[in-house]
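Trainee: sharing a sequence plus its predicted fold:
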Amino acid sequence: MPLVAEVPAAQPLMPVEQALERLLTLAEAAPISDTECVALAHAEGRVLACDLVASLDLPPWPNSAMDGYALRLADLQGEPLPVSQRIFAGHAPAPLQAGTCARIFTGAPMPAGADCVEMQENTQTLEDGRVRFLQALAPAQNVRPQGQETCKGEQVLAKGTRLGPIELGLAASLGHEQLQVVRRVRVAVLSTGDELVEPGLPLGPGQIYNSNRRLLVSWLQRLGCEVKDMGILPDDLARTRACLAGLGDVDLILSTGGVSVGEADYLGAALREAGELALWKLAIKPGKPLTFGHYRGVPVIGLPGNPASTLVTFGLLTRPYLLRRQGVCDVTPLRFDVAAGFQWTKAGTRREYLRGRIEGGQVHIYKNQSSGVLRSAAWADGLVEVREGTTPKPGDSVSFIPLSELLG
Ligand code: AMP
Ligand code: MG
């Protein structure tokens, strides 16, 4: 028996920025305070719980930027210099003997007394082994000074930084084996809908495969979340109540489907019984209806079920919310302007996020922008923002948010 949701009185659509602002300023968006220590090898995608401060100078000693010869500039009086030692990377040199040069390789420590390096291409080795320098040299030439990258005590990464390959490489360069990170945000994922069937099973009449579950679980994992995958929740109040009651310790309940006004809304009904619920009508397309509420103190975000709507509302609203809960300061995705390679004739009252692809310096849009067509996003490499009331034509500047940015 479908349960008919109350149809709220017509309300103005909430602009996307306002919805995001609301989500991010909620008490429930406050960063999680629990932290844990993880090995660098397992820290990818996690968020630093405290500033990373250099415990040493980088590089720890002056070293050569070239394969060549280290020398003291004052020793260069026009005569070739004999080679007094060979210095390889990873080996300690002896002090430079006066009136000589040292063969040196990239990354090898400078010998005490040497003040510059000449690259081997600008030298000539004579038959007697001495080296002639063919060009004028400057002090400190081709020498990487101690601490040129970082000095001991300097902050190299701020608390709230997401750890990707570059940050991990930097932490490794400073000798860190472990990092203090924010504990993972635990997210329960519920796919609501009687029509849903898991891939691998036969489809019955009127049924479709559950795509949102896989989309969200995999995306959440990329965002460093711990996922409690609850599978499919049928359109049934008792089952919905039981599912919510059995969720255990989670930081967010994320559902898809069943949030359209006037539809069977079992999740909403169950939330109203044991929590609270607000139905937001957003000025966003795809993805107008979004539920925000609480269940026994745990925040609930209900995304619309159409896969492209799920994608857009998760990427633009839920992702920043989850990053903020992990303590990430800047949760705004990178965007840039690009010339439209398409014509948009219908000025909308909602901000549209078209699935587009950049080719030849212009962004083109997928032929079918229906909210049910996930293939549009697989074809695309970003979301083209078409602002309310605008009708971009070819050559006009439009804002573009790369999917790689949202997905990571
Ligand atoms: P709803 O938000 O429940 O009204 O669903 C809107 C549309 O999204 C309907 O066509 C649903 O069949 C579809 N839908 C809902 N959940 C999913 C899902 N997990 N995977 C694929 N399609 C879905
Ligand atoms: Mg449904």
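Mentor: Yep, that arrived. Source: prediction; values computed, not measured. Numbering: from 1, shown residues only. Ligands and ions are numbered 1, 2, ... in the order given.

Trainee: okay, domains of this structure per the record?
Mentor: Domain assignment for the chain, taken from automatic domain parsing, gives 5-34+184-325, 37-53+155-182, 63-144, 336-407.

Trainee: could you say which helix or strand contains residue 278?
Mentor: In this structure, residue 278 sits in strand 275-281 according to DSSP states H and E.

Trainee: just residue 357 next, same as before
Mentor: strand 351-359.

Trainee: what does the residue of the chain most remote from its centre show for phi and psi?
Mentor: The centre of the chain is farthest from one residue, residue 128, which by Cα atoms, centre = their mean lies 58.2 Å away. Per-residue torsions, residue 128: phi -80, psi 10 (degrees, to the nearest 10).

Trainee: what about it, distance to residue 77?
Mentor: 17 Å (Cβ to Cβ, to the nearest Å). The C-beta positions use only the backbone N, C-alpha and C, and glycine is treated the same way.

Trainee: off-centre distance for stretch 128-138?
Mentor: 50 Å (Cα atoms, centre = their mean, to the nearest Å).

Trainee: what sits up against that stretch?
Mentor: 69, 71, 73, 76, 80-83, 101, 116, 118, 122-126 (Cβ atoms under 8 Å, 6 or more residues apart in numbering).

Trainee: how about stretch 374-381?
Mentor: By Cβ under 8 Å, 6+ apart, stretch 374-381 touches 211, 215, 307-308, 311, 355-358, 365-366, 368-370, 402-404.

Trainee: out of those, name the ones that lie in strands.
Mentor: Per DSSP state E, strands hold the following members of the contacts of stretch 374-381: 355, 356, 357, 358, 365, 402.

Trainee: is ligand 1 within reach of the helix or strand encompassing residue 244?
Mentor: Following DSSP H and E, one finds residue 244 within helix 237-245. No. Contact of helix 237-245 with ligand 1 is not found when judged by Cβ under 6 Å from any ligand atom; the minimum separation is 12.9 Å.

Trainee: and the angle from that helix to strand 275-281?
Mentor: 110 degrees (axes from the mean of the first three to the mean of the last three Cα atoms, to 10 degrees).

Trainee: tell me what helix 237-245 is packed against?
Mentor: Here helix 237-245 touches strand 226-233, helix 266-274, going by 3 or more Cβ pairs under 8 Å, 6 or more residues apart in numbering; DSSP states H and E.

Trainee: the contacts of stretch 374-381 also near ligand 1: which ones?
Mentor: Restricting those to those near ligand 1 - Cβ under 6 Å from any ligand atom - leaves 211, 307.

Trainee: give the buried subset of the contacts of stretch 374-381 as a ChimeraX selection command.
Mentor: Under the burial definition 16 or more other Cβ atoms under 10 Å, those of those that qualify are selected in ChimeraX by:
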select :211,215,307,308,311,355,356,357,358,365,366,369,402,403
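
Trainee: chain neighbours aside, what residue packs nearest to residue 393?
Mentor: In space, and not counting its chain neighbours, residue 393 is closest to residue 343: 5.3 Å by Cβ to Cβ, 6 or more residues apart in numbering.
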